[in-house]
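K.L.:
sequence plus predicted model, see below.
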Amino acid sequence: MVKVADGLYEPREDTYLLLDRAVVRRGERVLEVGTGPGLVALHAAAEGARVTASDFDPRAARCAQENAVRNGLELGIVVSDLLSGLRGPFDLVMFNPPYLPAEDGLAPDRRETGGPQGDELSMRFVNELPRVLAPGGRAYLVTSSLQPQGRLAAMAEDRFGVEVAGATRHFFEEISVLTLARRPGAARD
């Protein structure tokens, strides 16, 4: 059972699509970035992975830790802005980022908006990912059709093999989970 503290992102369709598409193997070193209440990280821990969960919000870190205790699972918890406070290597990195474009004139809601066009936070993640991803490692990244099409994928394809692991249509958008696979011999940044 996972409880969500006030002010945190409630698990929604995108969270459940990531849970459905993510393949987690026993013994893997797994990182969930932007863990919120920790649902995805706890799922990986239940599969037998060694899991680190991170979030920029200390309230989210506390909530994820409380949910780990509540469920009898072990998580390493780190307060970090994306990957800046983390060291790898991780076999698997999962990120369901805020991906909606910010509305003109409104302060961005860090739980839902990923920058002016919606993909800036995801692009920062892809740029930082090689530093923590193990050789042969992979990442799952949630994206939205509301983001500029092709920009994020083009950036990711410079460093990774990119495939769509799954997609689903909801109301006004299509949500996808991309698999980013580290190319053999690719350098860590």
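P.N.:
Structure's in. What do you need?
K.L.:
what sits opposite the residue minimising distance to the centre of the chain in the beta ladder?
P.N.:
Centroid-nearest residue in the chain, with CA atoms, centre = their mean: residue 95, separated by 0.6 Å. Here residue 95 sits in beta bridges with residue 33, residue 141, going by DSSP bridges.
K.L.:
low-confidence regions, the chain specifically.
P.N.:
Residue ranges of the chain with pLDDT under 70: 100-101, 103-118, 184-189.
K.L.:
helices of that one, start to end?
P.N.:
Secondary structure of the chain (DSSP state H): helices at 13-21, 39-46, 58-71, 120-128, 151-157.
K.L.:
export these to TSV and tack on mean neighbour count?
P.N.:
The way it works is simple: take the backbone N, C-alpha and C, and place the C-beta from them, glycine included. TSV is the format used below for those (neighbours: other CB atoms under 10 Å):
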stretch	mean neighbour count
helix 13-21	18
helix 39-46	23
helix 58-71	18
helix 120-128	20
helix 151-157	17
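K.L.:
in TSV: the ones you listed, plus distance to residue 5.
P.N.:
Listed next are the helices of the chain as TSV, based on distance: least, CB to CB, whole Å:
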stretch	distance to residue 5
helix 13-21	15
helix 39-46	13
helix 58-71	4
helix 120-128	21
helix 151-157	30
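K.L.:
of all those helices, which one is nearest residue 30?
P.N.:
helix 39-46 (4.6 Å; CB to CB).
K.L.:
what about residue 7, how many residues nearby?
P.N.:
10 (other CB atoms under 10 Å).
K.L.:
that one contacts residue 59, doesn't it?
P.N.:
Yes: using CB atoms under 8 Å, residue 7 makes contact with residue 59 at a distance of 6.4 Å.
K.L.:
in this structure residue 122 contacts residue 97, no?
P.N.:
Yes: between residue 122 and residue 97 there is a contact under CB under 8 Å: 5.2 Å.
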